[in-house]
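K.L.:
I need the structure of the sequence given here:
(4 chains)
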There are 2 protein chains.
Amino acid sequence: MEMSDLRKVDPVKHEQKRGEILGAAIRCFIRDGFRGASTTDICTEAGISPGHLYHYFPSKEAIIEAMIDLGLARSAERFEKILAAPDVIEALLVDIEETSLRFRPAQILNLDGLAEAARNPEFAKIIERHTAAVRAMWADFLRRAQDQGRVDSGLDPDATANILIALIDGSRAMPIRNPKLDIGRNVEHLRTMLVRFLRPPETESAARKPRPQGTSRPLKLVRKR
Amino acid sequence: MEMSDLRKVDPVKHEQKRGEILGAAIRCFIRDGFRGASTTDICTEAGISPGHLYHYFPSKEAIIEAMIDLGLARSAERFEKILAAPDVIEALLVDIEETSLRFRPAQILNLDGLAEAARNPEFAKIIERHTAAVRAMWADFLRRAQDQGRVDSGLDPDATANILIALIDGSRAMPIRNPKLDIGRNVEHLRTMLVRFLRPPETESAARKPRPQGTSRPLKLVRKR
DNA sequence: GGATTATTAGAGAGATCGCTCTAATTGTCA
DNA sequence: TGACAATTAGAGCGATCTCTCTAATAATCC
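P.N.:
Modelled structure (predicted):
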């Protein structure tokens, strides 16, 4: 134990410690799952005692909820950055590659969270709210891109957003299903699919500008803002 | 199992009972998860006693493995049917709609299984093997379709198969993320994406028009719409 | 029918779970 | 410094977990 630090009646310090414990809990949940990780495990990982733990969190469930909140907040941040990028599709692909395909273990928790949400109404509410927010962000982007003729205006923004989200979810399972995944090639094919899916059909775009496209080489879809 | 003494009462009956217990276990696992469902729950659901349960299965883990095997076998069957259909994409869409989007609760177990595989090497092996088999089936189909000019020959069959599998995985999360999902519209957009992704680019389809082997059953991939 | 064996029931052992409680320790301030 | 409040440690409670064990029942063969 660390006895060397000088203690103060400091709410900042308290919050910081809470964060440390939450971090330890996340590590445990990644390793063993929501139900597999015990409060004792969390205490050991955080280097504290059970009583101490319950001084910072009222229950194990509260820890899980705090962790989900944190995860969803980080996720929303990432999406905001993606949607603010000059080339949204490229930014999305980079994000999928870095956070899902290269198997950051934290992504396991998304699978756990979804499975848990399917049977726990409390969690379901949180997931649904967060999904609605992300979908709205995507749909808003898609509408603007449609107005600018960069995305097929025949697509429904909400439905398209749902599919993009599903694609991101599915990508999380990829490295689990196939640890020897050829990441570069998969990203390339994802890019091809997205570009072909979203770009305006020939009839629409041909009127505006010439389409220099022969083979499967994808073209840049999105630029200015 | 004793293999030398088969003279006793119906091994068929024994196997049938085993199946019943497995079914009860699956219902419990769907409801509460692998770790959330206790052996007592399973016994209650199956209407038997603990000792009885352990007469049919050596451990809880064995039940889970038997269930995963069963699930993957059923899944492989479904894919074989899909790939044997006259219009593969339509068959795939119907399957996604019926088994994933309409929220058959059994699909939760896929999420559980993936999450568990991410931290349990034993499960990971099973999932990887099954995924490799399904991917091989898809890749084989894609290669044939490419030879017939129905699918863009610029696509790598394995990478494309991986993406299709990811799409199926992602579709499972859809109804959890959004219970008010407009299923029809989503299926329609999925269809659009798949068709645009897979069909040969204009130049190719115009140049090399591979014509029918009329006698053999045509693998119709894309319906002109 | 009597002997033998497969099958079933259910209590409960032993371990672990989430969580509580008391007491010791640390920091603050009159 | 001494009273008081905040914080921490860790034993352990009651519930629940997986799994075992003994004995009763059902099925089979002579």
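K.L.:
now name the helix or strand holding the residue nearest to the spatial centre of chain A.
P.N.:
Nearest to the geometric centre of chain A sits residue A:75, at 4.3 Å (Cα atoms, centre = their mean). Using DSSP states H and E, residue A:75 falls within helix A:60-84.
K.L.:
correct me if wrong: residue A:166 contacts residue B:173.
P.N.:
Yes - taking Cβ atoms under 8 Å as the definition, residue A:166 is a contact partner of residue B:173 at 6.4 Å. The way it works is simple: take the backbone N, C-alpha and C, and place the C-beta from them, glycine included.
K.L.:
out of the two, which sits in the busier spot?
P.N.:
Neighbour count, other Cβ atoms under 10 Å in any protein chain shown: between residue A:166 and residue B:173, residue B:173 has more, with 28 against 25.
K.L.:
now the more buried one: which helix or strand?
P.N.:
Element membership of residue B:173, judged by DSSP H and E, is helix B:157-177.
K.L.:
helices or strands up against that helix?
P.N.:
Helices and strands in packing contact with helix B:157-177 are listed as helix A:108-117, helix A:121-147, helix A:157-177, helix A:183-198, helix B:108-117, helix B:121-147, helix B:183-198; criterion 3 or more Cβ pairs under 8 Å, 6 or more residues apart in numbering or on different chains; DSSP states H and E.
K.L.:
now render those as JSON lines, adding distance to residue B:91 and mean pLDDT.
P.N.:
Below are those laid out as JSON lines (distance: least, Cβ to Cβ, whole Å; pLDDT from 0 to 100):
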{"stretch": "helix A:108-117", "distance to residue B:91": "26", "mean pLDDT": "91"}
{"stretch": "helix A:121-147", "distance to residue B:91": "28", "mean pLDDT": "95"}
{"stretch": "helix A:157-177", "distance to residue B:91": "19", "mean pLDDT": "97"}
{"stretch": "helix A:183-198", "distance to residue B:91": "20", "mean pLDDT": "97"}
{"stretch": "helix B:108-117", "distance to residue B:91": "19", "mean pLDDT": "91"}
{"stretch": "helix B:121-147", "distance to residue B:91": "11", "mean pLDDT": "95"}
{"stretch": "helix B:183-198", "distance to residue B:91": "12", "mean pLDDT": "97"}
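K.L.:
what about residue A:86, which SS state?
P.N.:
With DSSP: H, G, I helix; E, B strand; the rest coil as the basis, residue A:86 sits in coil.
K.L.:
circling back to that earlier point, buried stuff in the helix holding residue A:75?
P.N.:
For helix A:60-84, the neighbour count (16 or more other Cβ atoms under 10 Å in any protein chain shown) marks A:60, A:63-64, A:66-68, A:71-72, A:75, A:78-79, A:82-83 as buried.
K.L.:
now, which of those residues sits nearest residue B:123?
P.N.:
Nearest to residue B:123 out of these is residue A:64 (Cβ to Cβ; 22.2 Å).
K.L.:
these two touch, right, the closest one and residue A:37?
P.N.:
No - under the criterion of Cβ under 8 Å, residue A:64 is not in contact with residue A:37, lying 9.6 Å apart.
K.L.:
so what sits against both of these two?
P.N.:
Common neighbours of residue A:64 and residue A:37, using Cβ atoms under 8 Å, 6 or more residues apart in numbering or on different chains, are residue A:29.
K.L.:
which residues touch residue A:81?
P.N.:
Residues in contact with residue A:81 (Cβ under 8 Å, 6+ apart) are residue A:91.
K.L.:
ugh, wrong one, residue A:50
P.N.:
Residues in contact with residue A:50 (Cβ under 8 Å, 6+ apart) are A:39-40, A:43.
K.L.:
now with 10 Å?
P.N.:
Residues counted as contacts of residue A:50 (Cβ atoms under 10 Å, 6 or more residues apart in numbering or on different chains) are A:39-40, A:42-43.
K.L.:
tell me, what's touching residue A:166 and residue B:173 both at once?
P.N.:
What both residue A:166 and residue B:173 touch, as defined by Cβ under 10 Å, 6+ apart, is the set residue B:100.
K.L.:
any idea which helix or strand carries the residue in chain A that DNA strand D sits nearest to?
P.N.:
Ranked by Cβ to the nearest atom of the strand, the top residue of chain A for proximity to DNA strand D is residue A:51, at 1.6 Å. Residue A:51 belongs to helix A:50-56 when elements are defined using DSSP H and E.
K.L.:
pull out the buried residues from that helix.
P.N.:
Going by neighbour count (16+ other Cβ under 10 Å), the buried part of helix A:50-56 is A:53, A:56.
K.L.:
still on that earlier bit, which one of the contacts of residue A:50 has the most neighbours?
P.N.:
Using other Cβ under 10 Å as the neighbour criterion, residue A:42 leads the contacts of residue A:50 with 24 neighbours.
K.L.:
does that one sit in a helix, a strand or a coil?
P.N.:
helix.
K.L.:
would you check that it makes contact with residue A:48?
P.N.:
Yes - between residue A:42 and residue A:48 there is a contact at 8.6 Å, judged by Cβ atoms under 10 Å.
K.L.:
quick one on the thing from earlier: next, the angle from the helix holding residue A:75 to helix A:121-147.
P.N.:
Here helix A:60-84 runs at an angle of 0 degrees relative to helix A:121-147 (axes from the mean of the first three to the mean of the last three Cα atoms, to 10 degrees).
K.L.:
next helix or strand past helix A:60-84?
P.N.:
Next element after helix A:60-84 (DSSP H and E): helix A:88-95.
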